[in-house]
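Undergrad: got a sequence here, can you model it:
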Amino acid sequence: MNKRKIHWTACCPRARIASLAGIAALAVSTTLSAHHSISRHYDRNQIVKIEGVVTEVVFQNPHAKIHLAVTDASGVMTAWLLEWDDVSDLRRQDVDAETIRAGDEVIVTGIAAREGKHSLYIERIDRPADGLVYLDD
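TA: So this is what the prediction gives:
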């Protein structure tokens, strides 16, 4: 039996276009599902302002994160998880993994989490020691 190989370039143009469109749609849908709207997890009507010491910065996608130790007036320390933009957005705003570091004392304003306490989405960071101000664009 004589088997004939069909090369991709020999396929009809419509089949190639349909295949490429399918691959592109899959790539876009995977990217979009990975980057979610913050409104799903954070309540834009609840703005929180906290002050504390950075214990860790995780500079990776899908969102960078800052761990913050917040001590209240009675001396009780609470760990907060602060979610930031994705790394590409931060780099466009001249923010990198060294901009905020463990040990920095910061004041953070952000959108409170819908579920769970001690979590917010960062809108502003102030570092009084050197006057750094980060504003989410």
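
Undergrad: chain neighbours aside, what residue packs nearest to Gln93?
TA: Leaving aside its sequence neighbours, Gln93 sits nearest to Asp137 (C-beta to C-beta, 6 or more residues apart in numbering; 6.2 Å). (Glycine included, C-beta is placed from N, CA and C.)

Undergrad: thought Gly103 was touching Gly52?
TA: No - with contact defined as C-beta atoms under 8 Å, Gly103 and Gly52 do not form a contacting pair (11.3 Å).

Undergrad: so for those two, which residue has more residues nearby?
TA: Neighbour count, other C-beta atoms under 10 Å: between Gly103 and Gly52, Gly52 has more, with 21 against 8.

Undergrad: for that one, which non-adjacent residue is spatially closest?
TA: Val70 (3.8 Å).

Undergrad: show me the beta-bridge partners of the one you found.
TA: Judged by DSSP bridges, the bridge partners of Val70 are Thr78.

Undergrad: what residues are up against it?
TA: Applying C-beta atoms under 8 Å, 6 or more residues apart in numbering, we find Val70 in contact with Ile50, Glu51, Gly52, Met77, Thr78, Ala79, Trp80, His118.

Undergrad: which one of the residues you listed is nearest Ala64?
TA: Taking C-beta to C-beta as the measure, Ala64 sits nearest to Trp80 out of the contacts of Val70, at 14.6 Å.

Undergrad: which element, helix or strand, includes that closest one?
TA: Using DSSP states H and E, Trp80 sits within strand 77-83.

Undergrad: who are the neighbours of that strand, in terms of helices and strands?
TA: strand 42-58, strand 65-71, strand 119-127 (3 or more C-beta pairs under 8 Å, 6 or more residues apart in numbering; DSSP states H and E).

Undergrad: buried residues in stretch 92-106?
TA: Within stretch 92-106, the residues that qualify as buried by neighbour count (16 or more other C-beta atoms under 10 Å) are Val95, Thr99, Ile100, Asp104, Val106.

Undergrad: who touches the residue nearest to Leu120 when sequence neighbours are not counted in this structure?
TA: Nearest non-adjacent residue to Leu120, counting by C-beta to C-beta, 6+ apart: Gly110, 3.7 Å away. Residues near Gly110 by C-beta under 8 Å, 6+ apart: Tyr42, Ile47, Val48, Leu82, Leu120, Tyr121, Ile122, Glu123, Arg124.
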